[in-house]
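**Student:** quick one, structure for this:
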Amino acid sequence: MKRSAFLASVGTAGSIALAGCLGSVPFTEEGAPSECPDPDLENPLEYDAFDFEGGILETDEAEVVNILASRQDVEQFPEETNIPEAMESVDFETQYGVVAERSLHGNWGSHHVIGVDQQTERTIELHVCTPERPESPPNDVITTMSIGLIVELDGEALTDGRLQHHY
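**Tutor:** Okay, the predicted model is just below:
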């Protein structure tokens, strides 16, 4: 076989294979995966996230955000939650902790913090994103979104908090 004929046949076969692969990629907005937005933060705060086992949400609460500004605040949580362990190295002179949980209906996927903002003089707002939405209408499965943060102190520790859920 001549070299030019061989290169032409390889090029054609490669183009067909590539077209087949690209045909399965969704190009419509409806089929594209959901992406997390970039929150517009007025007073962003530095933070590190940590995982903890659930257990701070009471059965009659839909959401709870606790500010941990001292070692005594941390000691209120049982060891099973991992919160005391995650907060061992926190220097409360320069940092404070935030633990939050929200009850969600449906099979929500993983979530992550996309930003932390000082909303008012005393209120912190946690921006959390979950790229995967549950089916609609949601089923009767209840899941709990648990978030733990160590926030760099910029003045005094904030006393109130809230979650802003993006999806």
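**Student:** now the residue sitting nearest the centre point of the chain. Nearest residue, chain neighbours left out?
**Tutor:** For the chain, the residue lying nearest the average C-alpha position, counting by Cα atoms, centre = their mean, turns out to be residue 112 (1.1 Å). In space, and not counting its chain neighbours, residue 112 is closest to residue 129: 6.1 Å by Cβ to Cβ, 6 or more residues apart in numbering. Backbone N, C-alpha and C define where each C-beta goes, glycine included.
**Student:** for the one you found, give me its contacts.
**Tutor:** By Cβ atoms under 8 Å, 6 or more residues apart in numbering, the residues touching residue 129 are 36-37, 111-114, 165-167.
**Student:** so which of those residues comes closest to residue 147?
**Tutor:** Relative to residue 147, the closest of the contacts of residue 129 is residue 113; by Cβ to Cβ it sits at 6.2 Å.
**Student:** and that closest one, what are its phi and psi?
**Tutor:** Dihedral angles of residue 113 (phi, psi; degrees, to the nearest 10) stand at phi -80, psi 130.
**Student:** could you check the pLDDT of it?
**Tutor:** If you check residue 113, the pLDDT there is 94.
**Student:** got it, and residue 31?
**Tutor:** Residue 31 carries a pLDDT value of 33.
**Student:** do the one 5 residues further on as well
**Tutor:** Note for residue 36: predicted pLDDT of 84.
**Student:** circling back to that earlier point, take the contacts of residue 129 and lay them out in a markdown table including secondary structure and distance to residue 66.
**Tutor:** As requested, those are exported to a markdown table (DSSP: H, G, I helix; E, B strand; the rest coil; distance: Cβ to Cβ, whole Å):
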| residue | secondary structure | distance to residue 66 |
| --- | --- | --- |
| 36 | coil | 24 |
| 37 | coil | 26 |
| 111 | coil | 18 |
| 112 | strand | 19 |
| 113 | strand | 15 |
| 114 | strand | 20 |
| 165 | strand | 17 |
| 166 | strand | 21 |
| 167 | coil | 23 |
